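# Below: sequence and its predicted model.
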Amino acid sequence: MSDNCIFCKIIAGDIPARYVYEDELVLVLEDINPQAPHHYLIVPRKHIRTTLDLTTADNELIGHVFQVAGKVAHDVGFADDGFRVINNCNEAGGQTVWHIHFHLLGGRDMTWPPG
Ligand code: AMP
Ligand code: ZN
């Protein structure tokens with residue numbers, strides 16, 4: 001838990017959010033500003049500021065994030081069509097919330113390269 005972290009407040013239940021999945025390691029919530037028909041955020045319960053703050057102790061957690069991405073994509077119904085998992089790191093990478101999270105996007109054709 002980090003003070004003034006919006007995702008820690010959501011995890012603590014102090015700010016409402018719409019969940020599609022949760023377990024002991026992560027929450028998956030609907031993005032408040034969706035960029036695709038399906039746009040979820042996979043948010044570890046542990047407050048980690050950015051990808052650069054990960055350590056080897058987090059390896060299992062990050063593997064789990066991708067397992068959950070596939071499970072949610074499958075359960076919601078867009079896994080076979082295809083989807084994208086994105087982590088934005090630091091300002092030039094597009095990060096705006098300083099608690100590590102992974103965007104799960106699906107339901108439309110993605111373009112490459114991303115903007
Ligand atoms: P990033 O720019 O990669 O740090 O992504 C932050 C994401 O969090 C953006 O896609 C926002 O739309 C989303 N977001 C911010 N506040 C909330 C919230 N209260 N509930 C759900 N999504 C949020
Ligand atoms: Zn946090």
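Thanks, I have the structure now. Residues are numbered from 1 along each chain as shown. Ligands and ions are numbered 1, 2, ... in the order given.

# distance of the closest residue to residue 41 other than its chain neighbours from residue 51?
Leaving out its chain neighbours, the residue that sits closest to residue 41 by CB to CB, 6 or more residues apart in numbering is residue 101, at 4.8 Å. C-beta coordinates here come from the backbone N, C-alpha and C atoms, glycine included. Remark: distance between residue 101 and residue 51 (CB to CB, to the nearest Å) = 10 Å.

# Mutual contacts of those two, please.
Common neighbours of residue 101 and residue 51, counting by CB atoms under 8 Å, 6 or more residues apart in numbering, are residue 87.

# hey, where'd the strands end up in this structure?
19-22, 26-30, 38-44, 83-86, 102-106 (DSSP state E).

# Tell me which of these lies nearest to residue 11.
strand 26-30 (6.2 Å; CB to CB).

# What number of residues are in the vicinity of the residue nearest to residue 48 when sequence neighbours are not counted?
Nearest non-adjacent residue to residue 48, counting by CB to CB, 6+ apart: residue 100, 4.3 Å away. Counted with other CB atoms under 10 Å, residues neighbouring residue 100 total 26.

# quick one: residue 100 and residue 45 touch, right?
No. Taking contacts as CB atoms under 8 Å, residue 100 lies outside contact range of residue 45: 10.9 Å.

# Let me see the mean pLDDT of the longest helix along the chain.
Criterion DSSP state H: the longest helix present in the chain is helix 59-76. Across helix 59-76, pLDDT averages out at 98.

# Which positions in this protein make contact with ligand 2?
For the chain, the residues in contact with ligand 2 (CB under 5 Å from the ion) are 2, 5, 7-8, 47, 99.

# Contact residues of this protein facing ligand 1?
Contacts of the chain with ligand 1, taken as CB under 6 Å from any ligand atom, map to 6, 15, 17, 29, 31-33, 41, 88, 94-97.

# tell me the two of these that are most distant?
Farthest pair in the residues of the chain next to ligand 1, by CB to CB: 15 and 94, 21.9 Å.

# for the protein, which spans come out with low pLDDT?
For the chain, not a single residue meets the criterion pLDDT under 70.

# quick one, what contacts residue 76?
Contacts of residue 76 by CB under 8 Å, 6+ apart are 20, 38, 106.

# Good, wrapping up.
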